[in-house]
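Visitor: turn this into a model:
(2 chains)
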Amino acid sequence: MSGHARLSELRRPLIDGNKTLRRVTDDVCAPIERGPNTSWYYGMAAALTALGTGAFLVADQIWTGIGTWGLNKTVGWSWDITNFVFWVGIGHAGTLISAILFLFRQRWRTSVNRSAEAMTIFAVMCAGTFPLIHMGRPWLAYWVFPYPNSMGPLWVNFRSPLLWDVFAISTYFTVSATFWYIGLLPDLAVVAERASGLRRKLFKLLSLGWDGSMRAWLHYEQLYLLLAGLATPLVVSVHTIVSFDFATSLVPGWHTTIFPPYFVCGAIFSGFAMVLTLMVVARQVMSFEDYITARHLDAMCKITLATSMIVGLAYGTELFSAWYGFNPYERFAFLNRMLGPYRGFYWVMIFCNVLVPQLLWFKRVRTTPAWILPISILINVGMWLERFTIITISLHRDYLPSSWIMYWPTYHEVGTFIGSLGLFFTCFLLFCRFLPMIAISEVKGVLSYARAPEGGAHDA
Amino acid sequence: MTPELVAGVFATEEEITAAADAARRGGLPIHDAYVPYPVHGLDRAMGLTPSALGKICFRFGMTGLTFALGFEYWCSLFDWPMNVGGKSFSASPALLPIAFELTVLFASLGTVATFFYIRGLKPGKTPAFARLGGLDDRFVLVLRAERGAAAGALEKFLRERGASKIETEAGT
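Guide: Below you'll find the model as predicted:
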C-alpha cells in the first residue's frame, strides 16, 4: 500500500467520518470504558434467563436420561443433531471473513472480522454441547479421544466419520480461538495502556507485553497470513466432514455426493445471515456506523445472496438427481420431503432460503438495516429448517412402512435449543462489554485507504 | 556498557518511513520502531529481513501429518486391528481427514508458539516505549547510540526529520 495506490477515483474510503488514529482508539474503546447501558442489561437478563432454562433442562435430561427426548426407534437423530449442524454452520462465517476474505485482500473485512470471529467461537461452543448431551453419558465424553487406556488399549475407529467430526470440530475450535487471540493481541495492549486498576492488570497479562515493535509486526503479519492460509482449508473441511456424517450412510436423502459443497455453502449462508443480524443491531447500539458502514452491509448482503443461490441450486440438483437416478427409495424420500406430513417445513425452508434472499438484488434493501434484519433472521430460520428437513424427514419414513412414525420434540429438546441461544448471546454480550469489538490496529491500517494524505475522502 | 537508546516520536507513517530510510542509509544503528499498525514499507526502510515463520510452519505441519498418519496406521494395523464390517484395516482415504486436521492443528499452534518464543512475548513482559504512544497514534523510531553515533547526534538527526519529541533511555 504505497501512497499512490490508495488514491484511485474508483475507490471509496473504508471508514467514514474522517477519523484520526487517536479517534479510532477512543471510539472502539468507548463501549468498554464507559460501561454497559440499559439495553445491554436487558439483553443480558434475557440471555441469562434462556441459558439458565437450558442448563436446568440439560441437567434434568442428564439425570433422567435421554428418554426425555422425542426420539424413537425410527428417528434416532433429530432435534439435537439439527441444532448441532445449525450452530456449526453459523460458526463458519467468522473464519470465512477473517481468513478467506483476508487472502482475497477484501480490506473491508477489518471492521467486522473481530466480532464475526467471536461469533464463530461461541457458535462452535454451542454446537459442541449437542453431541455431548446426545451421548447420554456425557461424563464419558473423553472416550472419543484416542488416549492410552487400560482396555487394551482399545483405540477409537479412525475410519468413522463421527470420529473425523470430533477431530474437525475440536481442531476448528482451537485454531479459530488461536486466530482470534492473535488478532486481539495488539488491541489488548492498546486497551491495557489506557486502562487502570484491575482491567489494566488483566489486559497487561493477556497482551503478553505487546509493544507494537516493527520487528514483531513483521513476524505478526507473516503469522496472520499463515493462520489465514491454514484456516481456509480448515473451514471448508469442517462442514465437509459434518456432511460426511450423513453422506457416508446409506439413508436415502443423506447418501449423496453433493453434500460436502452443499453443506459448506449452506454454512457460509447461515453464518453470514447471523453476522448480519448481529452487526445491524450492534452498529446501532454501540454507534459504530462509521466503522460498519452501509457499504460493509452491502458487501455482506452480496455474499449472502450468492450463497443463497448456490444453496437453491443444490436443492434443485438434489431433486433432479432423485428423479434422474431412478432409485425408487431416493425418489420416495424427496417426494416425502415435498409432499409428506412435514411438507410445511420444506416449503417454509424454500421460502426463507431461496425466495426471501432475492430481495437482496436491490441495493436499497442491501443497505437498509430495517430490511436486512428481518431477512437475515428469516434466513437463519430457513437454515435451521433445512437441517431438520434433511435429518428428520429422511429418517421418519424408512424402508419399512410398518416402522414409519412422526417425530415431535419434547419441551426438554426445545428448552435445550433455547439454552444454546442463551449461551450464544451471553457470550456475545460479554464480548461486546469487555473486549474491543473492532480490530483497532487493522482499522488503523486501512484508515488512509482511498484518502488523500491530509485527510478527507478522495471523492468527497 | 549497554548502548543508549534514543527514541524519536513522529506523527505520520510517511515521516517515520523516511527517517528510518535515512538512518539506514546513513549507517545509524536502528534499534526498532514502535507503530500502531504494521506500516508497509517501514520494514524495508529499516532493512529488516523477511520473517522465516513460513518455513517453521511447514515443518510443524509435516510433523503433525507424520504423527497423525503414523499413529493411525499403528493403531489400526498393528496395535489393535478392528474389524468394522470387513473393511480394510489400512483404508488410507479414511485416515486422511484426521491426518489433515492434525496437520493444521500442529502447524497453527506450533507457529504461534514459535512467534511467542522468538519475540519473547509472555505474561508479565513490560511493553517497551509504550508511554510514547506507539500503540495509539504515534510512530516511534528508536536508534541505538553505538559505533561512534553519539546520542546527541542521533537526537539532532531525529529532530531534523520531524520528530516532535525525543526521549533517551539506557539500553537493555
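Visitor: what's the distance between residue A:396 and residue A:336?
Guide: 8 Å (CB to CB, to the nearest Å). Quick note: C-beta positions are derived from backbone N, CA and C, even for glycine.
Visitor: show me the shaky parts of chain B.
Guide: Applying pLDDT under 70 to chain B flags residues B:1-3, B:147-148, B:171-172.
Visitor: closest residue of it to chain A?
Guide: The minimum distance from chain B to chain A, using CB to the nearest CB, falls at residue B:125 (2.6 Å).
Visitor: may I have the phi/psi pair for that residue?
Guide: phi -70, psi 140 (degrees, to the nearest 10).
Visitor: could you report the neighbour count for it?
Guide: The number of residues packed near residue B:125 is 16, by other CB atoms under 10 Å in any protein chain shown.
Visitor: for residue A:443, same thing?
Guide: 24.
Visitor: that one touches residue A:15, doesn't it?
Guide: Yes - the pair residue A:443 / residue A:15 is scored as a contact, 6.3 Å apart, by CB atoms under 8 Å.
Visitor: and for residue A:375, the neighbour number?
Guide: Neighbours around residue A:375, by other CB under 10 Å: 23.
Visitor: check it and give its pLDDT.
Guide: We have a pLDDT of 95 for residue A:375.
Visitor: my read: the residue of chain B closest to chain A touches residue A:205, true?
Guide: No - contact between residue B:125 and residue A:205 fails when scored by CB under 8 Å: they sit 9.8 Å apart.
Visitor: residues in contact with the residue of chain B closest to chain A?
Guide: Neighbour list for residue B:125: A:208, A:209 [criterion: CB atoms under 8 Å, 6 or more residues apart in numbering or on different chains].
Visitor: against residue B:144, how distant is it?
Guide: As judged by CB to CB, residue B:125 and residue B:144 stand 20 Å apart.
Visitor: what's the local residue count around the residue in chain A that chain B sits nearest to?
Guide: Across chain A, no residue is closer to chain B than residue A:209, which sits at 2.6 Å (CB to the nearest CB). By other CB under 10 Å, 20 other residues sit near residue A:209.
Visitor: which element is residue A:284 on?
Guide: Element membership of residue A:284, judged by DSSP states H and E, is helix A:259-285.
Visitor: the following helix or strand past that helix: how far from the chain's middle?
Guide: Counting by DSSP H and E, the next helix or strand C-terminal to helix A:259-285 is helix A:294-325. The chain centre lies 17 Å from the centre of helix A:294-325; the measure is CA atoms, centre = their mean, to the nearest Å.
Visitor: from the contact counts, what lies against helix A:294-325?
Guide: helix A:259-285, helix A:328-339, helix A:363-366, helix A:369-388 (3 or more CB pairs under 8 Å, 6 or more residues apart in numbering or on different chains; DSSP states H and E).
Visitor: let's go with 7 Å and repeat that
Guide: When contacts are defined as 3 or more CB pairs under 7 Å, 6 or more residues apart in numbering or on different chains; DSSP states H and E, helix A:294-325 packs onto helix A:259-285, helix A:328-339, helix A:363-366.
Visitor: those: which one's closest to residue A:376?
Guide: helix A:259-285 (4.0 Å; CB to CB).
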